[in-house]
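J.: Sequence and computational prediction follow.
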Amino acid sequence: MVRIFQSLSLILVLSSGLIAQGNVVQINSPTTGELVSTSFLPIDYSLAAYFDIGDSACTDCDGFIRVTLNYAYAGSFHDTGPDTLQDVTNGQYLLGLEAVDPEGNSFDPEIMDTVSFTIVGNPGIMRTRWSHGLCW
């Protein structure tokens with residue numbers, strides 16, 4: 001009986017942590033599978049009312065949002081959304097928004113939302129070929 005109670009307690013603790021984690025930060029846009037045709041990525045996200053966002057190293061906030069693209073650091077947000085990332089080139093991406101403490105440390109468990117999307121249709125650097133004064 002004690003073992004069953006301990007197992008149930010562990011399940012409740014783990015599931016309540018996951019529920020709390022999922023409610024802190026949520027990416028509203030872009031959506032999974034979306035095709036984005038601009039070089040700046042508009043990001044709309046929402047935060048739980050109880051998460052007080054601020055600047056890094058703040059003394060009166062819960063933390064800020066660390067932004068990653070394909071697991072690489074891409075910036076940080078210090079205010080409630082929406083926001084943008086600039087100069088995102090064509091390709092497939094995994095966007096991650098992670099709520100971190102004021103020093104930039106991850107919470108335990110990690111509080112993150114992710115979404116995959118594709119940037120399409122941005123012209124790259126135009127390459128020209130010169131021959132006898134003609135460009136093509």
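T.: Thanks, I have the structure now.
J.: what sits against the residue nearest to residue 54 when sequence neighbours are not counted?
T.: Computed as CB to CB, 6 or more residues apart in numbering, the closest residue to residue 54 that is not its neighbour in sequence is residue 61, at 2.9 Å. C-beta: built from backbone N, CA, C; applies to glycine. Listed by CB atoms under 8 Å, 6 or more residues apart in numbering, the contact set of residue 61 reads 52, 53, 54, 55, 102.
J.: repeat that for 7 Å
T.: Contact analysis of residue 61 by CB atoms under 7 Å, 6 or more residues apart in numbering lists 52, 53, 54, 102.
J.: closest to residue 35 among those?
T.: Relative to residue 35, the closest of those is residue 53; by CB to CB it sits at 29.4 Å.
J.: I'd like to know how far the closest one sits from residue 65.
T.: Remark: distance between residue 53 and residue 65 (CB to CB, to the nearest Å) = 7 Å.
J.: Which residues does the closest residue to residue 77 other than its chain neighbours form beta bridges with?
T.: Nearest non-adjacent residue to residue 77, counting by CB to CB, 6+ apart: residue 65, 4.1 Å away. With DSSP bridges as the criterion, the beta-bridge partners of residue 65 are residue 77, residue 99.
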